[in-house]
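>>> Here you go, sequence then predicted model.
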Amino acid sequence: MPVNLINNSSTVQLELPKSKASAEVRLFGATVTSWKAAGGSERLFLSSAAALDGSAAIRGGVPIVFPVFGSPKDHADAPKLITKLGKHGFARDHEWAISTHVPRIDEADKVAVTLELNTDSKPEIKAVWPFSTVLRYTVTLAPNTLHCAFSVHYLDSSNGAEMPFHALLHNYLLVPDATKASIQGLNGLYYIDKVKGGEEARVDTDDFTLDAQPIDRVHVGRHKVAPAGEPTRDIKLVYNASLLQDPLGRMGKGVELTRSATIADTVVWNCAEEGNKGIADLEQGGWKKYVCVEPGAVHGFQTLAKGSTWVAEQTLTAW
């Protein structure tokens, strides 16, 4: 069957037998933990030390960051209610449910599933989040693409105030060697360098290669530098794999990321070897196996009026 429940019904598995493409989405955090493009080659990094029992957010795959990016104390503009939240918010570390909508199935071309989180059904969220909110996440698998659509439905609150939030899709993209992978598409964008205490700089190359040093940058695609009407940037992560690493070329050349205008900011993160030592759920040497390229709306808080819906979409394409 194209849609199955596996791992004691904790995971939705999507399969396209003809192309051998597949994906796995954990109900905990609605985290995509595996994406294999046509031919069966894995494209997402999942730490072998990641907690998969619901005890902590999952290290790897595609976690959902909502409604705050990073620690609330990192944001001088954070509204008071945001300061009550934990790092990266609550979407990634709570149990979601399969939506009552029937999974969309087309065995030849694509298969999809929608997961849902209603904050009113989670007392621990309701205690710190005064907005009645329904989150929906639809993951659609095609032979060479993974499409992720994240929607935020603000239903009600006690005072009807606008709802502030960040949102981001935290892609851990699997690479043969992080020190050789390069990123294309960021040329000309300003970024906030969190490693250097928030210094601002500008990308001056269209083929940026990681250099085995920690990197944590928010490339500002909307608030500061994007002219009105400029489309969002498409980003390519190029593996630059050697024949020794991939002698048969099964991994392909890399992954391309396209996204909706609602998530124009791009976070690039890799902890490097030194940072790896301080992350308990990241396997030894794991830093060299991933590059995080994350589309989001995280430079300044979005606001949503009561009764409104906000939608963000990304498509990852294996090439």
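Now that the structure is in, tell me what you want to look at. Numbers count the residues shown, from 1 in each chain.
>>> and residue 287, which of the three is it?
Local secondary structure at residue 287 is given as helix here, using DSSP: H, G, I helix; E, B strand; the rest coil.
>>> my bad, residue 50
From three-state DSSP, the assignment for residue 50 is coil.
>>> what's it in contact with, if anything?
58-60, 281 (C-beta atoms under 8 Å, 6 or more residues apart in numbering). In short, each C-beta sits where N, CA and C put it, glycine included.
>>> If you rank the residues you listed by neighbours, which is first?
residue 60 (28 neighbours; other C-beta atoms under 10 Å).
>>> wait, what's in contact with that residue?
33, 44-47, 50, 172, 290.
>>> How about residue 165?
66-68, 152, 301-304, 310.
>>> among those residues, which ones are buried?
Neighbour-count burial (16 or more other C-beta atoms under 10 Å) applied to the contacts of residue 165 gives 66-68, 152, 301-302, 304, 310.
>>> Point out where the protein drops to low pLDDT.
1, 101-103, 106-108, 223, 225-226, 243, 247-248 (pLDDT under 70).
>>> re the thing from before, out of the contacts of residue 60, who's nearest residue 7?
Of all the contacts of residue 60, residue 33 has the smallest distance to residue 7: 9.6 Å, by C-beta to C-beta.
>>> how many neighbours does that closest one have?
23.
>>> Which stretches in this structure count as helices?
Assigned by DSSP state H, the chain shows helices spanning 123-126, 272-276.
>>> now for these, which one comes closest to residue 40?
Nearest of these (C-beta to C-beta): helix 272-276, 28.0 Å.
>>> what are the C-alpha coordinates of the closest one, in CSV please?
Taking C-alpha atoms only, helix 272-276 is exported to CSV below (Å, rounded to 0.1, in the frame of the first residue of the first chain):
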residue,chain,number,x,y,z
ALA,A,272,31.1,21.6,13.0
GLU,A,273,33.2,19.2,15.0
GLU,A,274,33.6,21.4,18.1
GLY,A,275,29.8,22.0,18.3
ASN,A,276,29.1,18.3,17.8
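>>> Could you tell me how far that helix lies from the centre of the chain?
On the basis of C-alpha atoms, centre = their mean, to the nearest Å, helix 272-276 sits 21 Å off its chain's mean C-alpha point.
>>> For stretch 4-13, which residues meet the burial criterion?
Here stretch 4-13 shows 11-13 as buried, counting by 16+ other C-beta under 10 Å.
>>> Equivalent analysis for stretch 65-80, please.
Those would be 65-70, 72, 75, 78-79, for stretch 65-80 by 16+ other C-beta under 10 Å.
>>> wait, doesn't residue 49 sit right on residue 276?
No: with contact defined as C-beta atoms under 8 Å, residue 49 does not count as touching residue 276 (10.7 Å).
>>> Between those two, which has more neighbouring residues?
Neighbours per residue, other C-beta under 10 Å: of residue 49 and residue 276, the larger number sits with residue 276, 17 against 14.
>>> Now the more buried one. Nearest residue, chain neighbours left out?
Leaving out its chain neighbours, the residue that sits closest to residue 276 by C-beta to C-beta, 6 or more residues apart in numbering is residue 287, at 4.3 Å.
>>> what's the answer for residue 218, then?
Here the residue nearest residue 218, using C-beta to C-beta, 6+ apart, is residue 192, at 4.5 Å.
>>> can you put the contacts of residue 165 in JSON lines and add distance to residue 241?
Compiled in JSON lines, those are given as follows (distance: C-beta to C-beta, whole Å):
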{"residue": "66", "distance to residue 241": "33"}
{"residue": "67", "distance to residue 241": "37"}
{"residue": "68", "distance to residue 241": "36"}
{"residue": "152", "distance to residue 241": "37"}
{"residue": "301", "distance to residue 241": "39"}
{"residue": "302", "distance to residue 241": "37"}
{"residue": "303", "distance to residue 241": "43"}
{"residue": "304", "distance to residue 241": "42"}
{"residue": "310", "distance to residue 241": "37"}
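>>> Now flag whichever of those is closest to residue 87.
Distance to residue 87, by C-beta to C-beta, is smallest for residue 68 among the contacts of residue 165, at 8.0 Å.
>>> Please name the nearest non-neighbouring residue to that closest one.
According to C-beta to C-beta, 6+ apart, the nearest residue to residue 68 is residue 89 (4.8 Å).
>>> What are the neighbouring residues in contact with that neighbour?
65-69, 166.
>>> what about residue 44, neighbour count?
Residue 44: 23 neighbours (other C-beta under 10 Å).
>>> what's it in contact with, if anything?
Taking C-beta under 8 Å, 6+ apart as the test, what residue 44 contacts is 32-35, 60-62, 171-174.
>>> so of the residues you listed, which ones are in strands?
Cross-referencing those against strands under DSSP state E gives 32-35, 172-174.
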